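>>> Sharing a model that was predicted from the sequence below.
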Amino acid sequence: MPKDKRKTRLNKATDDFIGFSAFAQPSSSASTATPTNAATLSPIYLGSNSEISTLFQRIGQKRNSTTKSKALQELKSYFQDTEQPKKSQVEAMSHFLHLYLTKTHYDNSPNVRYEALSCVLAAFTRLPKAFNSLVLQQQQPNQEVVGMIYCSQLDPSADVRAVSQELWKSIESNLLEKRSTDHHRGIWSYVERIATYGKPKVMHDALFAKKSEKALSELQVEELEERFERIVGTALDGFRSWVHHQQQQKTTTERQEGDTSF
């Protein structure tokens, strides 16, 4: 894709951006380092199911998008299986959400991003309490999972947008039932961190580079720039959507309070 066309969306996303300071919450500044995962999201699969272990290897280590997509479909079926022990499914969810936080959310393939979100939806539907414990009730970076899901509603892919919107409705319904605002910090911290990278190479070194990586080819640099522009553009669009939603809610609340004052 030509660079001038790719940058249009990112430039548009920042035209009306009013800055993070107006909406800052009390928290430490985001770092450009790769997020450090809390113990609740496991960087390794702690379960004993060999088939699930193989699926995680295909999701986390394979570069082929078809291989990853098929593995995610099989993992989704596992989460949808009500005959599976919930304890085992929670062990799988703990590692899968780690992979989502560190890998599949950023994947260049829209099909992988779609299947990953479909898998999150299946896991959340089956294990909502475990999701709350692993993500919403934890500190960052775990809470950034909800920020990723929220911002995915603005993904360039229509399929990704559709499944993330369905997933967010389920999460939001759960939050409203509990009158929780835990997700606010997750959205904020994710977008703030993405905004700190500044340049494609900085994001690449923080999130994707391997220790043994050689100099990038021209094609790899092009892919790196495309991914950077998509991730940053989607994050900023998501943040603007969130701010607009918060402003609408505030206006509605003020209007209702004004009506009851007479």
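Everything's here; your move. Only a predicted model underlies this, so the values are computations on that prediction, with no experimental measurement involved.

>>> Poorly predicted segments of the stretch 51-200 of the chain, please.
139-140, 176-180, 182 (pLDDT under 70).

>>> so where do the helices sit in it?
Using DSSP state H, counting those that start in this stretch, the helices assigned to the stretch 51-200 of the chain run over residues 65-80, 86-102, 110-126, 128-131, 144-151, 158-178, 182-197, 200-207.

>>> And the residue most central in space within the chain, how far from Arg193?
Central residue check for the chain by C-alpha atoms, centre = their mean: the C-alpha nearest the mean position is that of Met148, 2.2 Å away. For Met148, the distance to Arg193 equals 11 Å [C-beta to C-beta, to the nearest Å]. Glycine gets a C-beta too; all of them are placed from N, C-alpha and C.

>>> And for Phe131?
21 Å.

>>> Show the contacting residues for the closest residue to Thr104 other than its chain neighbours.
Counting by C-beta to C-beta, 6 or more residues apart in numbering, Ala116 is the residue found nearest to Thr104 once chain neighbours are left out, at 3.8 Å. Shown in contact with Ala116 (C-beta atoms under 8 Å, 6 or more residues apart in numbering): 72, 100, 104-105, 107.

>>> swap the cut-off to 6 Å and go again
The contact partners of Ala116, taken as C-beta atoms under 6 Å, 6 or more residues apart in numbering, are 72, 100, 104.

>>> so how many other residues sit close to the last one?
Neighbour count of Thr104, defined by other C-beta atoms under 10 Å: 23.

>>> And the second one, by the same measure?
Residues lying near Tyr100 (other C-beta under 10 Å) number 25.

>>> ditto for the one 5 residues further on
Counted by other C-beta under 10 Å, the residues lying close to His105 total 22.

>>> Surely it is in contact with Met148?
Yes: if you go by C-beta atoms under 6 Å, His105 and Met148 touch, sitting 4.7 Å apart.

>>> Alright, calling it a day.
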